[in-house]
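Enquirer: Coordinates for the following, if possible.
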Amino acid sequence: MLPPFGPPGVPGQQGQLQAPSAPPPSTIPAMPFTSTFAIDPGAISGCLFRYTYIWPRGGQGFWFYPVFVGRTSVSGFRWNGFFWTFSGFDLGRIESFTCV
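Expert: Numbering: from 1, shown residues only. Alright, predicted model coming up:
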């Protein structure tokens, strides 16, 4: 199991926490309809190591590349428009997501 947070390249973790080598898709997918209080960890775990578009509650959507899903959080790489940065999010702050 991967650690929930930490920098890429931690000794003993090489290759498991690497950002994608390419940018995400150029088109933003349509937002699926959801009416949940929080995202289920089992649902978003199907998006591990896949380009995932996240719509946060009360914020602008973004591309994400999840590498770890915990009971209440997800961590991975967030696309800032130029490069991938490592970050984590509380599942309760995610309104919806879709992976490609």
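
Enquirer: Show me what Ser75 is bridged to.
Expert: Ser75 has these beta-bridge partners by DSSP bridges: Phe68, Gly88.

Enquirer: tally of neighbours for it?
Expert: Residues within reach of Ser75, counting by other CB atoms under 10 Å, total 21. Where you see a C-beta, it was placed from the backbone N, CA and C, and this is true even at glycine.

Enquirer: Need the pLDDT of it.
Expert: We have a pLDDT of 98 for Ser75.

Enquirer: you'd agree it is up against Thr85?
Expert: No. The pair Ser75 / Thr85 is not scored as a contact, 11.5 Å apart, by CB atoms under 8 Å.

Enquirer: Relative to Tyr65, how far out is the residue nearest to Pro56 when sequence neighbours are not counted?
Expert: Computed as CB to CB, 6 or more residues apart in numbering, the closest residue to Pro56 that is not its neighbour in sequence is Arg93, at 5.5 Å. Distance, Arg93 to Tyr65, using CB to CB, to the nearest Å: 18 Å.

Enquirer: More neighbours: which of the two?
Expert: Tyr65 (21 against 15).

Enquirer: what sits against the more buried one?
Expert: With contact set as CB atoms under 8 Å, 6 or more residues apart in numbering, Tyr65 has these partners: 19-20, 24, 49-52, 76-79, 84.

Enquirer: Show me where this structure has its helices.
Expert: Ranges of helices in the chain, per DSSP state H, are 41-44.

Enquirer: so how far does stretch 24-44 reach from one end to the other?
Expert: 18 Å (CA to CA, to the nearest Å).

Enquirer: Could I get the buried residue list for it?
Expert: Residues of stretch 24-44 classed as buried by neighbour count (16 or more other CB atoms under 10 Å): 24, 39, 44.
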